[in-house]
Structure formats: structure tokens, C-alpha cells
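Chemist: I need the structure of the sequence given here:
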Amino acid sequence: MAICLSSASFSLPKHHSLISSLYTKKNSILTCKSTNDSNEDYLLDAPVSVGDGFSFSGGKYSDEPSPADEWFKQGKYVKAHPVGGTGEKAKDPIFGLVMAGSSQSSTDLFRWFCVESGSTANPPVILIHGFPSQAYSYRKVLPMLSKKNHAIAFDWLGFGFSDKPQPKYGFDYTLKEYVDSLESVVNKFSKDKVTLVVQGYFSPVVVKYAKDNQEKISNLILLNPPLTEKHGNLPSTLAIFSNFLLGEFFSQDPLRASDKALTSSGPYKMKEDDAMVYRRPYLTSGSSGFALNAISRSMKKELKGCIEEMRKILKDENWKVRTTVCWGLRDRWLSFDGVEDFCKESKHQLITLPMAGHHVQEDCSEEIGDIIAGILSKRRRI
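Modeler: Below is the predicted model of the structure:
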């Protein structure tokens with residue numbers, strides 16, 4: 001668990017042995033040490049004004065140019081989906097203190113961070129990340145699709161660089177809210193027909209949206225979606241974030257929320273530069289952790305029902321959207337048992353990737369990019 005210390009966040013007795021061993025001043029740079037590895041420090045170099053009292057901007061070797069900053073420069077913000085609530089200032093759920101701007105909702109429409117590649121004159125393909133992840137997971141796929149398509153990857157609300165409103169202050173992170181917000185952001189990206197690619201546990205949200213907007217969808221590509229009844233329970237790595245009190249603390253740990261969540265689901269080996277991007281939201285603001293906690297609770301409560309609804313939609317004779325399921329066979333979270341039978345019954349194409357795990361776009365980015373490009377060009381892969 002990562003422990004971030006600052007006199008601006010809260011005060012603790014000076015004689016506390018753990019605090020005194022970790023809290024050192026080095027040219028006004030703060031240190032965040034992971035208890036998983038006593039030799040690994042995270043430099044937090046941002047002023048208090050950047051953070052919200054829980055975390056601060058930075059990452060390992062943050063005194064150098066950050067890969068997260070480079071990724072951010074490639075993207076932009078779009079505003080979509082109206083902010084709900086009363087407009088009251090958000091307070092943290094633990095101490096009841098008013099939170100800083102990073103945890104507050106926009107005044108009118110939410111801000112979504114997205115990265116685009118390719119000409120806007122080309123057919124659009126929207127790449128949708130899973131839970132928990134970021135648009136960054138498609139960084140190698142985007143340029144592969146940009147030759148003949150307008151490729152767009154965005155961060156869901158609560159993830160990456162998109163808005164992360166405090167739960168109950170404009171957005172509660174229910175799956176229904178995600179369905180409604182997806183319609184807003186898709187319409188913002190394109191008024192024409194689009195191809196949707198979605199990975200993992202957000203698949204039921206996208207299928208639910210597609211059901212009511214079939215005329216707008218050219219292709220639907222599902223990457224390791226939860227398709228069977230056995231997939232209705234979150235793996236322990238994610239379920240821990242939904243626990244009362246304990247989940248609220250664990251969701252603030254950048255190593256548990258990003259590194260472990262991404263690497264425990266398959267063979268993915270995270271490079272340090274990539275880890276810095278995934279950790280950045282959790283080091284920057286406590287709002288990322290509070291959002292993760294809220295989403296985990298919604299998933300735990302609603303996932304089984306949403307999977308069952310998705311199965312019915314994909315099997316329904318009125319479902320007209322060309323659908324392809326791509327499956328990484330080394331997925332440690334979702335078993336392949338029953339997936340092949342479901343695809344045969346529903347008459348949807350199934351493509352397996354023997355060397356990929358749950359996050360197929362990370363494990364086999366070139367292969368999945370080629371598969372998606374082939375589907376978009378209406379070439380069949382055998």
C-alpha cells in the first residue's frame with residue numbers, strides 16, 4: 001500500500017516511527033514509499049494546490065519529464081453529458097472536508113479526455129477501455145487503425161484524465177449512468193455510424209447502449225467481455241475495492257489500483273514508463289480512488305443482472321449489429337468455459353488469441369490492431 005505524506009494533508013504525532021522513517025525533506029520534494037517494496041520511492045513534486053489533501057501530482061522519477069504528461073499532450077477534452085446533482089461542493093466521504101477542484105463536477109457538462117488518430121473524413125471507430133484501465137491501453141492500436149479510419153480512445157468518467165466527480169455530487173457511477181453518458185459522448189464524437197470496440201467489464205454497458213441505437217452502430221467488437229453466469233462475480237483483485245472502509249483505503253493505493261489490477265489478470269508485464277501513466281491519476285488526486293470505490297460497488301451490485309441482459313440482447317433475433325468476440329485465452333479473471341458455446345448459439349464470430357490475457361490490447365496490441373482493421377475492412381480472419 002502506498003503511503004503519501006504531507007503536512008498539508010493531515011497531522012500525526014512526530015514520534016510515530018513509520019512516519020518519521022518515511023517523511024524526509026529533500027529539496028522540498030515529498031516521498032511516497034510503497035510498503036510492498038521498501039526500496040521503491042515515488043517522488044511527489046507538485047505543490048499542495050495541485051492535489052486535494054489526499055494525494056499529489058507525480059510518479060516515480062517525477063523530477064524528469066513524465067510519460068503521463070506526454071500522453072496528455074496527445075489528447076484533448078470534449079464536453080458531453082449533463083452534470084446532475086444540486087451543484088453543492090463535493091466533500092470527501094471519510095472526513096467530510098470540502099475537496100479541491102479535481103474532485104468537483106463541471107458546472108454544465110462533464111469533461112472527457114480523448115486521443116484521436118486519423119482523418120475525421122474517415123469512418124469513426126471508438127475504442128473503449130475496461131475496468132479498471134484507461135484510454136492509454138489503446139496507445140499502440142490507435143495508429144494502426146488511423147490509416148483508413150478516424151480512431152478515438154477516451155477515458156470513462158472516473159478514469160484517466162476525464163472528470164472524476166465525487167459520488168453523489170453529479171454522478172454516482174451506476175452502470176445505468178454509464179449507459180446514458182455513453183450515448184452523449186458517442187454523439188459528441190460522431191453524428192454518423194460508428195464502430196465500437198470495448199474491453200472487459202464495461203462490455204454490458206456498451207451492449208445496452210447499442211441495443212437502443214443499432215442504427216448508429218456499424219460493428220461491435222467485444223474484447224474479453226463477461227459473457228457467462230460464472231463471470232458475474234468480480235475477481236478478488238477488484239472486489240476488494242468495494243469493501244466497506246477497507247475498499248476506500250485500498251482504492252487510494254496507486255500500486256494496488258493500477259499495477260496489480262492490470263498485471264494480475266493475465267501475462268501483461270508492465271513497463272515502468274507505462275506504469276507511471278496508469279498510476280498518475282491515483283497520485284494526483286484522491287478523487288480517482290473514491291471513483292474506483294464507487295464503481296466497484298456498482299459492479300458488485302449490478303454486474304450479474306447486466307451480464308444476463310447482455311446475453312439476451314446478443315441472442316435476440318432483433319439484434320442486427322455485426323458482432324465479433326475476441327478472446328485472450330490466458331485471461332485469469334474470466335474463464336473461457338462457455339464462451340465458445342455462447343458464440344455458436346448467438347451466431348457471433350469468435351476470434352481467440354492464445355498469448356493474450358484479459359487486457360488483450362496490452363498483451364497483443366499489434367495482433368488485436370490487425371484483427372480490428374480486418375473487421376473494419378470487411379475482411380474475414382480465419
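Chemist: and the strand ranked longest in the chain, what does it pack onto?
Modeler: Ranked by residue count under DSSP state E, the longest strand found in the chain is strand 109-117. Strand 109-117 is packed against helix 67-74, strand 76-82, helix 142-145, strand 150-154, helix 175-189, with contacts defined by 3 or more C-beta pairs under 8 Å, 6 or more residues apart in numbering; DSSP states H and E. Every residue, glycine included, has its C-beta placed from N, CA and C.
Chemist: contacts for the helix or strand following it?
Modeler: Sequence order places strand 124-128 as the next helix or strand after strand 109-117, per DSSP states H and E. Strand 124-128 is contacted from outside by 135, 138, 141-142, 145, 149-154, 156, 186, 189-190, 192, 194-199, 202, 206, 361, 372, 376, using C-beta atoms under 8 Å, 6 or more residues apart in numbering.
Chemist: now the helix or strand hosting G374: buried residues?
Modeler: G374 belongs to helix 365-376 when elements are defined using DSSP H and E. For helix 365-376, the neighbour count (16 or more other C-beta atoms under 10 Å) marks 365, 367-369, 371-373, 375-376 as buried.
Chemist: would you turn those residues into a markdown table with distance to N122?
Modeler: Formatted as a markdown table, the buried residues of helix 365-376 follow (distance: C-beta to C-beta, whole Å):
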| residue | distance to N122 |
| --- | --- |
| S365 | 20 |
| E367 | 22 |
| I368 | 19 |
| G369 | 16 |
| I371 | 18 |
| I372 | 14 |
| A373 | 12 |
| I375 | 15 |
| L376 | 10 |
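Chemist: got any ranges where the stretch 251-382 of the chain has weak pLDDT?
Modeler: 379-382 (pLDDT under 70).
Chemist: residue boundaries of the strands in it?
Modeler: 322-328, 349-353 (DSSP state E, counting those that start in this stretch).
Chemist: can you tell me which of the ones you listed is packed in deepest?
Modeler: Highest mean neighbour count of those: strand 322-328, a mean of 23 (counted as mean count of other C-beta atoms under 10 Å).
Chemist: related to what we said a few turns ago, let's have the helices and strands packed on strand 109-117 in TSV, adding mean pLDDT, mean neighbour count and distance to E309.
Modeler: Converted to TSV, the helices and strands packed on strand 109-117 look like this (pLDDT from 0 to 100; neighbours: other C-beta atoms under 10 Å; distance: least, C-beta to C-beta, whole Å):
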stretch	mean pLDDT	mean neighbour count	distance to E309
helix 67-74	94	16	34
strand 76-82	95	17	22
helix 142-145	97	19	29
strand 150-154	98	27	24
helix 175-189	96	19	10
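Chemist: and these as TSV, adding distance to K91?
Modeler: Shown next, in TSV, are the helices and strands packed on strand 109-117 (distance: least, C-beta to C-beta, whole Å):
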stretch	distance to K91
helix 67-74	27
strand 76-82	22
helix 142-145	38
strand 150-154	28
helix 175-189	20
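Chemist: so, low pLDDT: which residues of the stretch 1-150 of the chain?
Modeler: For the stretch 1-150 of the chain (pLDDT under 70), the answer is 1-64, 85-87, 92-94, 99-106.
Chemist: quick one, helices of the stretch 201-350 of the chain?
Modeler: 203-211, 236-239, 246-250, 254, 261-263, 272-284, 286-315, 339-346 (DSSP state H, counting those that start in this stretch).
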